[in-house]
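Q: This is a predicted model, with the sequence first.
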Amino acid sequence: MHDFTALFEALRSMFSSNEQIDTMKAHIIIQNKDNLLNVISNKPRDSTHHDTIARADRDGIQIEGIPERRKLPRTVIEECFALSDLFDIDEHQSLLILLEGESLLPNYPDCTRGLLAVQLYYESKERLSACLAYLMAGIRGRTFQPLIKSEDLIDFCSHFVDELVSQRLIENIVDQLIRFQFSTEEQKLYSKAGLGNVRHRRRVYDYIRNVRCFQSKALFLYSCQVRLNQSHIMAIINYLAKYTTVQEDGVIDDSALYLLGAFLYGITLKTTSATTQSIHKQQFSLQEDQPLSPSTPLTAGTTIDPAFITAIHDTLTSDERWVIPELKAVCQLAWAITLRARLQALTEAGINNAEDIETLADMAVESHVFAFMIHTVIKSPLFQQEEFIIRRFHVLFVDFIYYLPFKLKELRVQAEDTARTIEDCERFGKVLPDNLPRDYEYLLELVNLKKLCVLY
């Protein structure tokens, strides 16, 4: 079975090596290019394998690692075909997974070989998606130093990822996040009795969740390092608008949080060249797109693309209702800040969206954007673990104060009115209204988000 262990080990060794890339390991990585492009897809099935396995109860079959031909019980053949249909994988691969599942039966007495085969399939996809995230952590870019020590290995990773992205990797990731969800996988597994007891279900669920998490993390890491193009951003917005979910504990799911972070990095508009002062800043503004160190080159292009601006603007100002309206408010607020920060450059480029800045900010605040971020975003355990998610959101809050002072003043006045209302109610024994605005209070909490991270 192709479990991607060799690929995983090749990548892991790269992150601990100071030497030039090993030719054999590079070959392993390049060989898996198609697998990395489509993590949840499988190679086309071979009809000859189907016919060979169908006769294996009479003629036997040659299995890798076993010298003599082995006859298969009819039940194994039927399970093999069922597994092949379930995951749309080649029958030979299906057989190898089943046999490996059979070998694991002593470790899982509560499972059948078929259930273990299901578990092994998702485990292999988890490992492959982890490899994709590994790759993204090793590329050169604008935000963090690659986690690889060797410059040759960094070059290899960066060039390889460039090839993947040129073949629509980013769009593929978003599409797979849409198609590969636990609800759809659960329905598919039920149709073939592919789910066992509670413990088996939990293991399968964890693998599915991790596949999604690693893929979305890979996209996020790429957006940190390399500017996203219009196609990338629009795919992300489409996902956030239609497919984001909130977990049972009330926080945003990990995949959506990673994509929201990717959106924030993706809407940076570079219009200036690096200065000595900006180069030495460890953290750049949501709008400032400068390298982390002098050795990190600027990404290509210094002009603003009107089509890029228009596409995002039209989407965020449209009346289309998102599945989570407050999430649209976060994107609207970030976009309003971007427009305000780059107002002069946009005007010079013939793009005049100045009148929409206040409208976008108003819509965001009216949708209780700060309350949403307090209760649904920053309470996510993932949020508190990811350095560059924390950094980006903190910069968003600070930029709101700096670039939208008119809105800040409105919120402060609103807070003063709220304070007077509370004082009057306490003085005269009245009941406090349920809908007292607390936007300014929430904003102050968010600005103080810095305390969550020891990186500053």
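A: Great, that's in hand. Numbering: from 1, shown residues only.
Q: What residues of stretch 188-199 count as buried?
A: Buried residues in stretch 188-199, defined by neighbour count with 16 or more other CB atoms under 10 Å: Leu189, Gly194, Leu195, Gly196. Yep, even glycine has a C-beta here, placed from its N, CA and C like the rest.
Q: Kindly report the same for stretch 51-61.
A: Those would be Thr52, Ile53, Ala56, Ile61, for stretch 51-61 by 16+ other CB under 10 Å.
Q: With stretch 168-187 instead?
A: Buried residues in stretch 168-187, counted by 16+ other CB under 10 Å: 168-170, 172-177, 180-181, 185-186.
Q: What of stretch 140-159?
A: By neighbour count with 16+ other CB under 10 Å, stretch 140-159 contains the buried residues 140-144, 146-148, 150, 153-154, 156-158.
Q: Of the residues you listed, which is the nearest to Phe372?
A: Thr143 (25.2 Å; CB to CB).
Q: so that closest one sits in a helix?
A: No - assigned with DSSP: H, G, I helix; E, B strand; the rest coil, Thr143 falls outside any helix and is coil.
Q: which ones are touching it?
A: Contact analysis of Thr143 by CB atoms under 8 Å, 6 or more residues apart in numbering lists Cys224, Gln225, Tyr265, Leu292, Phe388.
Q: From Ser158, how far off is it?
A: 14 Å (CB to CB, to the nearest Å).
Q: Next: Ala235.
A: Taking CB to CB, one finds Ala235 at 22 Å from Ser158.
Q: Lys71 too?
A: Distance, Lys71 to Ser158, using CB to CB: 51 Å.
Q: Likewise for Pro146?
A: Distance of Pro146 to Ser158, given as CB to CB: 8 Å.
Q: Quick check: neighbours shared by the two?
A: Gly138, Ile139, Arg140.
Q: Which members of these are positioned in strands?
A: Among the shared contacts of Pro146 and Ser158, no member falls in strands (DSSP state E).
Q: Out of the residues you listed, name the ones that lie in helices.
A: In helices, defined here by DSSP state H, there are no members of these.
Q: Tell me the one of these nearest His368?
A: Ile139 (37.1 Å).
Q: Just give me the neighbour total for the closest one.
A: By other CB atoms under 10 Å, 25 other residues sit near Ile139.
Q: and it, what pLDDT?
A: At Ile139, the predicted lDDT confidence score is 96.
Q: from what I can see it touches Tyr222, true?
A: Yes - Ile139 lies in contact with Tyr222 (CB atoms under 8 Å); the separation is 7.3 Å.
Q: residues shared between the contacts of those two?
A: Listed as contacting both Ile139 and Tyr222 by CB under 8 Å, 6+ apart are Val161.
Q: what about Val413, helix or strand, and which?
A: helix 405-428 (DSSP states H and E).
Q: after that helix, next one along is what?
A: Next in sequence after helix 405-428, counting helices and strands by DSSP H and E, comes helix 439-447.
Q: ok, now how distant is Ser129 from Gln215?
A: Separation of Ser129 from Gln215 (CB to CB): 5 Å.
Q: what is in contact with the two at once?
A: Joint contacts of Ser129 and Gln215 (CB under 8 Å, 6+ apart) are Val39.
Q: Do I have it right that Ala307 meets Ile233?
A: No - counting by CB under 8 Å, Ala307 stays clear of Ile233, with 11.3 Å between them.
Q: which one of these two has more residues nearby?
A: Between Ala307 and Ile233, counted using other CB under 10 Å, Ile233 has the larger neighbour count: 21 against 8.
Q: Count the residues that sit near the closest residue in space to that one that isn't next to it in sequence.
A: Spatial nearest neighbour of Ile233, chain neighbours left out: Gly266 (4.9 Å); criterion: CB to CB, 6 or more residues apart in numbering. Counted with other CB under 10 Å, the neighbours of Gly266 add up to 25.
Q: wait, isn't Gly266 in contact with Met234?
A: No - using CB under 8 Å, Gly266 is not in contact with Met234, being 10.1 Å away.
Q: how many neighbours does Cys111 have?
A: When counting by other CB under 10 Å, one arrives at 20 neighbours for Cys111.
Q: where does it land in three-state SS?
A: Three-state call for Cys111 (three-state DSSP): coil.
Q: Verify the stated contact: it with Leu195.
A: No - counting by CB under 8 Å, Leu195 is not a contact partner of Cys111; they are 10.7 Å apart.
Q: need the contact list for the closest residue to Lys71 other than its chain neighbours.
A: Sequence neighbours aside, Gly60 is the residue nearest to Lys71 in space, at 4.5 Å (criterion: CB to CB, 6+ apart). Residues in contact with Gly60 (CB under 8 Å, 6+ apart) are Arg69, Arg70, Lys71, Leu72.
Q: could you give me the average pLDDT of the longest helix that the chain contains?
A: When the chain is parsed with DSSP H, its longest helix is helix 198-225. Mean pLDDT, computed over helix 198-225, is 97.
Q: tell me which residues in that helix are buried?
A: Going by neighbour count (16+ other CB under 10 Å), the buried part of helix 198-225 is 200, 203-204, 207-225.
Q: ok, now how distant is Arg209 from Ala137?
A: 20 Å.
Q: before we move on, what about Lys242?
A: 29 Å.
Q: The two - which one has more neighbours?
A: Ala137 (19 against 12).
Q: Run through the residues that contact that one.
A: By CB under 8 Å, 6+ apart, the contact set of Ala137 is Phe15, Pro146, Leu147, Leu221.
Q: For Ser150, see how far away the first one is.
A: To tie it back to what came earlier, the one meant is Phe15. From Phe15 to Ser150 the distance is 10 Å (CB to CB).
Q: likewise Pro306?
A: For Pro306, the distance to Ser150 equals 41 Å [CB to CB].
Q: Run through the residues that contact the residue lying closest to Tyr239 once chain neighbours are set aside.
A: Once flanking residues are discounted, Tyr239 sits nearest to Val174: 5.2 Å by CB to CB, 6+ apart. Contacts for Val174 (CB under 8 Å, 6+ apart) come out as Leu219, Ala235, Ile236, Asn238, Tyr239, Leu259.
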